[in-house]
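In: attaching a predicted model along with its sequence, questions to come.
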Amino acid sequence: ENRYEGEDFSVAIPEGWTKSQQPLSGTLLTLYKIGESHADDPNAQKINFKSYVAISFDRTQGKTLSQILDMTKQILLQTLPNAKINALPQETIDNQKADLIEIRLTQMDVQFKVLVAVVVKGDTYFTVSANTTEKKWDRYKADFYKTLKSMTLKDAPSTSSNP
């Protein structure tokens, strides 16, 4: 199994996906579908869209999982006011509760579907965003969930100095 081993987490890279040498801005890891084309979606082809999974992290600053999810939704709706957000059943990632949402939106005449998962470990939270076109969703959904379920969260370095 191909795995990414980072300082803060590790995750399985699904077959047919590859780690980007330059993660998207603000992310620790970006995985892309290898050799993806959109023969059935000329608008996705026109913007050269590639399906991807992006993982980022931040400090909780005392916020709970549900507060972080609410904040994430607010930011999404400010950026993409036409997005439709649906809550999904809670999952477990590395023995931690994870809140999931599914987003549907249209940008540049392309219908996208996005899975977002938020998981907290200690004073850090991770956001996993799996992005594809509506047409490819059923094909990639299993890869997205497999990636999520394979995630191992490493203990963040302690910021306090306890004797």
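Out: Now that the structure is in, tell me what you want to look at. Just so it is clear, the model here is predicted, and its values are computed rather than measured.
In: CA atoms for contacts and neighbours, from now on please.
Out: Will do.
In: contacting residues around the residue lying closest to residue 80 once chain neighbours are set aside?
Out: Leaving aside its chain neighbours, residue 80 sits nearest to residue 105 (7.8 Å; criterion: CA to CA, 6 or more residues apart in numbering). Residue 105 sits next to 80, 82-84, 111-113 when contact means CA atoms under 8 Å, 6 or more residues apart in numbering.
In: element containing residue 105, please.
Out: strand 96-107 (DSSP states H and E).
In: what lies in contact with the next helix or strand after that strand?
Out: Using DSSP H and E, the next helix or strand after strand 96-107 towards the C-terminus is strand 110-121. Strand 110-121 is contacted from outside by 41, 43-44, 60, 65, 68-69, 93, 96-106, 125-135, 137, 144, 153, 155, using CA under 8 Å, 6+ apart.
In: try stretch 133-144
Out: Under CA under 8 Å, 6+ apart, the answer for stretch 133-144 is 14, 44, 51, 53, 104, 110-113, 115, 130, 132.
In: could you dump those residues to CSV with pLDDT, distance to residue 3 and neighbour count?
Out: Putting those into CSV (pLDDT from 0 to 100; distance: CA to CA, whole Å; neighbours: other CA atoms under 10 Å) gives the following:
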residue, pLDDT, distance to residue 3, neighbour count
14, 95, 9, 20
44, 96, 29, 21
51, 97, 19, 21
53, 97, 14, 25
104, 98, 29, 16
110, 96, 31, 19
111, 97, 30, 16
112, 97, 27, 20
113, 98, 25, 20
115, 98, 21, 22
130, 98, 17, 27
132, 98, 21, 23
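In: fine by me, we can end here.
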